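J.: Sharing a sequence plus its predicted fold:
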Amino acid sequence: MHPIEAQFYKRLASRAPAFHSQVQKKTVEACRSYLELPHFNRDIIFTKSHAAAGLCDWAINIVKYYDVVSEVGVCG
């Protein structure tokens, strides 16, 4: 792994506990209804806006991350 990548991963891992404590459960639950929509996926949104597709991916992955951390805890 490149040294810059290693530094990035180390910084990212050090922020994970703070991130999880800042994201409220009610916020994640409010997002779930949007994530269930059939057209709320990167591929469909990408045909309309590349930037929106990136945000769509981000939202989906934040909720997935929240679910994993809530179940198994933060490592690091």
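T.: Looks like it arrived, so ask away.
J.: Can you tell me which residue is spatially central in this protein?
T.: Closest to where the C-alpha atoms of the chain average out (CA atoms, centre = their mean) is Ile62, at 1.9 Å.
J.: what's the spacing between the residue nearest to that one when sequence neighbours are not counted and Arg42?
T.: Distances taken as CB to CB, 6 or more residues apart in numbering put Val23 closest to Ile62, at 7.3 Å, once the chain neighbours are dropped. In this view, the C-beta of every residue, glycine as well, is placed from N, C-alpha and C. Look at Val23 and Arg42: by CB to CB, to the nearest Å, they are 21 Å apart.
J.: could you point out which element follows the lowest-mean-pLDDT helix or strand in the chain?
T.: When the helices and strands of the chain are compared on mean pLDDT, DSSP states H and E, helix 3-22 comes out lowest with a mean of 69. Toward the C-terminus, helix 3-22 is succeeded by helix 25-35 as the next helix or strand (DSSP states H and E).
J.: Need the residues that contact that next one.
T.: Under the criterion CB atoms under 8 Å, 6 or more residues apart in numbering, residues Phe40, Ala59, Ile60, Ile62, Val63, Tyr66, Asp67 lie in contact with helix 25-35.
J.: Done for today, thanks.
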